[in-house]
Every structure is written in structure tokens, then in C-alpha cells.
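would you be able to build a 3D model of this:
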Amino acid sequence: MKILAVGDLIGSAGVKELGRQLKLLREKEEIDFVIVNGENSAEGMGMTEKNFKDILEAKVDVITMGNHTWGKKDIFKFIDHPKLIRPANYPKGVVGKGYGIYNCKDKKIAVINLIGRVDMGVLSENPFLTAKDIINKIEKQVDMIIVDFHAEATAEKIAMGYFLDGTTTIVYGTHTHVQTADEKILPKETAYITDIGMTGPKYSVIGMDINASIKRFETTLPERYKIATGECMFNGVIFNIDDKTNKVRNIQRINI
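The predicted model follows:
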């Protein structure tokens, strides 16, 4: 089985690039299951109903979120859709769900979404303890467990990888929009990469307009961010899984 995780979609341009590339990639690489992070699809902050429908039309199996989950009020119209999950360590009682269990090729795949606490500015529960609680609850019900850890600090992400090593199939990071070159199989056979990158404007500052971004750093004034224009890039990672052991055989970074 091949599972594709696609890096943060940046604006409608990123959503369109997903639509262009995913069909081709599915056929070329024989992809079976697709997870996409959609929390920046509404021009950098949140997700509208149109964004959501466009992503589903690309035949995505799971959409994960992050610190901009509530960026658009539209989210409350479809937050309970089975293909949509938001960080599991948001405070108890918050609408939506933090994980889902999906069927693919006679396998049950659990996908868990978590948000980091280092330099994120989001009130959340401890992601390490939340992950442990969920895994203890579902591990006997599923064949594979995949974690999208939406976090800023590389150290927090790496620590999560080792914390979950041996209890999950895959742990990968999102949020920083720069694909890292540290993909590896950890000692207890969990596949790991710190960040899978982004899908959106190539010539940009993590998806944002270059001049507006530079002005913020140059002047320290609160220049309004806007999505960059022009050619787009597509980032993701393919995890090739052994159907007998349910362990990842190899990890392939995608940068189109």
C-alpha cells in the first residue's frame, strides 16, 4: 500500500495545484490513500466551504487542520464531515474530532491530528499525552496509525517522533511549509519526517507575497500578509507500506 501525505495547501492556488497534480501522481505512483493538510487553503487562514468541496473533488481521503482551523466561519458547516479532522488536543468540548478511522484495501487506518505548543500561540492540551491516550484507545481496532503533528518547533516534532516510535506507523510534521530532508525509519520502525512542506506559490515566503513579507521584517510594522502569485509547487511524501507487516518499507519525498 502507498500512502501520500500532501503538505499544507496555501490558498486557492494550492488547492488548484492539488487538483492538477494529484490525479497524475495517483496514476504514476499507484497511490492508495491520500491525506492533505488544508488549514491554509482559504488564502492562508482557515478553510471555506468551497475550498473544502474542491479538495474533496480531488479525491482526498482525509483533510487535517491546525492552528488556523477556526480561521473561517464556514468551518462550522462541515466540521463533522467524516473526512475532516482537527487537532485532537484542542480543549475538551470543542466541536469536531481529532482522529478518524478509515478503510482502505481491507486495512483500517487511523489518522490523528495534533497541534504543538511551542511558539504556536494556541491554547491546547498536551499533545504527547493526548496522542498516548488516543493510541491506547484505538490500537487494537486498527492496522495502522498515522499522525500529522502540526507544530512550529523542530525539537518538539522530533521528540514526538521518538515518543510515538513503535506505537504508530507514521509520524510527520506540518505547519512550517519547508520540506525537511530528514526522512527516516526510527529504531522501533515508525516512519518519520519533520515537515512534509507546502503546496502553493513557489516564489514566496512560505506561501506569502515576498515584498509584503520583507516589509514586515524590515520595518517591524504589521504589514498585511497576502498570498503570493505565480507558479506553484507541490510538496508531499509517499510512504510505501508492506501489506503483510503494516510497516513502512521506504519514504519518498515529492517536490514538483
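
quick one: stretch 143-163 to chain centroid distance?
The chain centre lies 11 Å from the centre of stretch 143-163; the measure is CA atoms, centre = their mean, to the nearest Å.

now stretch 219-235
For stretch 219-235, the distance to the chain centre is 20 Å (CA atoms, centre = their mean).

what residues does that stretch touch?
6-7, 10-11, 13-14, 16-18, 21, 43-44, 179, 196-205, 207-210, 212-213, 215-216, 253-256 (CB atoms under 8 Å, 6 or more residues apart in numbering). C-beta coordinates here come from the backbone N, C-alpha and C atoms, glycine included.

and that stretch, average pLDDT?
Stretch 219-235 carries an average pLDDT of 90.

same check on stretch 77-92?
97.

hang on, the earlier thing: now, of the contacts of stretch 219-235, which are buried?
6-7, 10-11, 13-14, 16-18, 21, 43-44, 179, 196-201, 204-205, 207-209, 213, 216, 254 (16 or more other CB atoms under 10 Å).

quick check: the residue lying farthest from the centre of the chain vs residue 203, distance?
Most distant from the centre of the chain: residue 219, at 32.2 Å, with distances by CA atoms, centre = their mean. Going from residue 219 to residue 203 by CB to CB, to the nearest Å gives 22 Å.

strands - which of the contacts of stretch 219-235 land there?
Members of these lying in strands (criterion: DSSP state E): 6, 198, 199, 200, 201, 253, 254, 255.

identify the farthest-apart pair in those residues.
201 and 253 (19.4 Å; CB to CB).

residue 143 touches residue 105, doesn't it?
No. Residue 143 lies out of contact with residue 105 (CB atoms under 8 Å); the separation is 9.9 Å.

looking at the two, which one has more neighbours?
Ranked by neighbour count (other CB atoms under 10 Å), residue 143 and residue 105 place residue 143 first, with 17 against 11.

which stretches in this protein count as helices?
According to DSSP state H, the chain carries its helices in the segments 11-29, 49-57, 75-78, 127-138, 154-164, 210-219.

could I get those as CSV with distance to residue 110?
Shown next, in CSV, are those (distance: least, CB to CB, whole Å):
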stretch, distance to residue 110
helix 11-29, 22
helix 49-57, 20
helix 75-78, 21
helix 127-138, 5
helix 154-164, 12
helix 210-219, 37
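
who wins for proximity to residue 190 among those helices?
helix 154-164 (6.2 Å).

so which elements touch that closest one?
Applying 3 or more CB pairs under 8 Å, 6 or more residues apart in numbering; DSSP states H and E, we find helix 154-164 packed against helix 127-138, strand 144-150, strand 170-174.

same thing but at 6 Å, please
strand 170-174 (3 or more CB pairs under 6 Å, 6 or more residues apart in numbering; DSSP states H and E).

low-confidence ranges in the stretch 1-150 of the chain?
Within the stretch 1-150 of the chain, no stretch has pLDDT under 70.

so how many other residues sit close to residue 189?
Considering only other CB under 10 Å, residue 189 is surrounded by 14 other residues.

please read the previous query as pertaining to residue 92.
6.

and what of the one 3 residues further on?
If you count neighbours by other CB under 10 Å, residue 95 ends up with 12.

what's the answer for the one 3 residues further on, then?
Other residues near residue 98 come to 22 when the count uses other CB under 10 Å.

name the nearest residue to it, sequence neighbours excluded.
Leaving aside its sequence neighbours, residue 98 sits nearest to residue 88 (CB to CB, 6 or more residues apart in numbering; 2.3 Å).

any idea how far residue 176 is from that neighbour?
20 Å.

next one: residue 182
13 Å.

now do residue 137
29 Å.

quick one: which of the two has more around it?
Each of residue 137 and residue 176 has its neighbours counted (other CB under 10 Å); residue 176 has more, 21 against 11.

and that one, its phi and psi?
phi -90, psi -10 (degrees, to the nearest 10).

which one is it nearest to, not counting chain neighbours?
Closest to residue 176 by CB to CB, 6+ apart is residue 195, at 5.0 Å.
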